[in-house]
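Enquirer: Below are the sequence and a predicted model for it; my questions follow.
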Amino acid sequence: MFLEFFIWGAWFVTLGTFLPQNLNASGFEIANVFSTQSWGAIIAPFIIGLIADRYFNAERILGILHLVGAFLMYQMYSAPNVGVFYPYVLAYMIAYMPTLALANSVSFRQLTNPEKEFSGIRVWGTIGWIVAGLSISFLGWDAEGGIKEGLLRNTFLMSSTASLILGLFSFILPKTPPIKKSVEDKSSISELLGLDAIKLLGDRNYLVFFLSSVLICIPLAFYYQNANLFLSEVGLANPTGKMAIGQVSEAFFLLLLPILFTRIGFKNTIMLGMLAWAVRYLLFAYGNSGELAYMLIIGIALHGICYDFFFVSGQIYTDAKAGEKYKSSAQGLITLATYGVGQLIGFWVAGFISEHYKANPTNDPFWQNVWLVPAGIAAVVLFLFAVFFRDKKIAKG
């Protein structure tokens, strides 16, 4: 788990800075590169459901995908321009995104009590992401001088090395063979993609939640695509290391979530998450690296509320609404909607907004204009959810 998320955090956080600063990528080119994550999320169920779950041990395909990833990551390190870089990052994301589910599968199959034991293992993934960010800032790769010297390119070499290590290590993980299924139990493509659970959208409340999930991914994409570049350009010291505060916050609020969920209910928890998105971007819009640097730090620290209170709460809500029959399909549907469709739209919108304000500057600062857009989108989604969602007790089953 440590290596799985170290690999991702070692290059993805600084990607939004690397592309324009070192490869001279435009806003639309940056959006296309970030969109590869969404394409990977859309294609991943086919790889896992149609190949890994049926024919191969999970640990072996995990190893193969990470070895392939190590090669592709090295090609990204060597790419001279965004045109050469793009095919490699697309292939890499198609290879990497399935490993998230495979790593979970290997873990769950070896545990006697996953509900109690898994969180203690998964937290090492968060630690891996944090260590990756702190390492980049410690080595000075994300400092102004390091960026000018092209040192951010080393993040891909670091990630490639970690991927190689994890790829080899995966082959000595406990054997996790495919679960033999009866003819009647074979999963269809529609089930793997979560389409069997589409009938849940007939419930008005779930439809409102589902559409809100897609729309709130637009502000989320702005953070992934622009945050590191923004913090670097406004002059915040050690931006990548400071962004690790968001992962610390995520781990903390994940522990707090069950208590809050019980006390204030699903609707209020979700709305708190949406409100945090709007507040975070207002802090980014009006903060600076000087006397108002605390606004930027608070904006980063809000990541735990933004992510946990909306997305994790949403997974719990989806699980409860689906009942036993559609549990897996429903989680597949919401994942496809958020990481797939929602963020795909979000990355494109973020790229469009950046290009628009570069081509049409106003009297206000560029980044202020950019951050007010996702703040406004989050506020609108919050309003619509508050009006149309009716909070009521969820009947399981």
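Expert: In hand now; what should we look at?
Enquirer: Could you say whether F12 sits in a helix, a strand or coil?
Expert: coil (DSSP: H, G, I helix; E, B strand; the rest coil).
Enquirer: Number of residues surrounding it?
Expert: Residues lying near F12 (other C-beta atoms under 10 Å) number 19. Quick note: C-beta positions are derived from backbone N, CA and C, even for glycine.
Enquirer: Quick check: pLDDT value at it.
Expert: F12 carries a pLDDT value of 94.
Enquirer: What distance do you get for it to A375?
Expert: To A375, F12 is 23 Å away according to C-beta to C-beta, to the nearest Å.
Enquirer: same check, this time on N32
Expert: To A375, N32 is 24 Å away according to C-beta to C-beta.
Enquirer: same deal with I7?
Expert: Going from I7 to A375 by C-beta to C-beta gives 32 Å.
Enquirer: Next: G246.
Expert: Using C-beta to C-beta, one obtains 17 Å as the distance from G246 to A375.
Enquirer: between these two, who's got more neighbours?
Expert: A direct count of neighbours by other C-beta under 10 Å for G246 and A375 places G246 higher, at 23 against 20.
Enquirer: Which helix or strand contains that one?
Expert: helix 239-286 (DSSP states H and E).
Enquirer: before we move on, what about D391?
Expert: Per DSSP H and E: D391 is located in neither a helix nor a strand.
Enquirer: quick one, what contacts it?
Expert: By C-beta atoms under 8 Å, 6 or more residues apart in numbering, the contact set of D391 is G265, F266, K267, N268.
Enquirer: so the third one makes contact with F389?
Expert: Yes. At 5.8 Å, K267 and F389 qualify as touching, with contact defined as C-beta atoms under 8 Å.
Enquirer: Contacts only, for the residue positioned nearest the centre of the chain.
Expert: Residue closest to the average C-alpha location in the chain (C-alpha atoms, centre = their mean): Y339, at 7.1 Å. By C-beta under 8 Å, 6+ apart, Y339 lies in contact with Q37, S38, A41, C217.
Enquirer: wouldn't the first one be in contact with I94 here?
Expert: No. Contact status for Q37 versus I94: not in contact, 10.2 Å apart, counting by C-beta under 8 Å.
Enquirer: ok, and the residue nearest to F230 when sequence neighbours are not counted, which helix or strand is that part of?
Expert: Sequence neighbours aside, W367 is the residue nearest to F230 in space, at 5.4 Å (criterion: C-beta to C-beta, 6 or more residues apart in numbering). If you go by DSSP H and E, W367 is part of helix 366-388.
Enquirer: Using CSV, list the CA coordinates for that helix.
Expert: Extracted as CSV, the C-alpha positions of helix 366-388 are listed here (Å, rounded to 0.1, in the frame of the first residue of the first chain):
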residue,chain,number,x,y,z
PHE,A,366,-5.5,35.5,-13.1
TRP,A,367,-5.7,32.9,-10.3
GLN,A,368,-8.4,34.8,-8.5
ASN,A,369,-10.5,34.5,-11.7
VAL,A,370,-9.7,30.9,-12.1
TRP,A,371,-10.6,29.8,-8.5
LEU,A,372,-13.8,31.8,-8.3
VAL,A,373,-15.3,29.5,-11.0
PRO,A,374,-15.1,26.2,-9.1
ALA,A,375,-16.1,28.1,-5.9
GLY,A,376,-19.3,29.2,-7.8
ILE,A,377,-19.9,25.7,-9.2
ALA,A,378,-19.6,24.1,-5.7
ALA,A,379,-22.0,26.8,-4.3
VAL,A,380,-24.6,26.1,-7.0
VAL,A,381,-24.4,22.3,-6.5
LEU,A,382,-24.8,22.8,-2.7
PHE,A,383,-27.9,24.9,-3.3
LEU,A,384,-29.5,22.4,-5.7
PHE,A,385,-28.7,19.5,-3.4
ALA,A,386,-30.1,21.3,-0.3
VAL,A,387,-33.4,22.1,-2.2
PHE,A,388,-34.0,18.8,-4.0
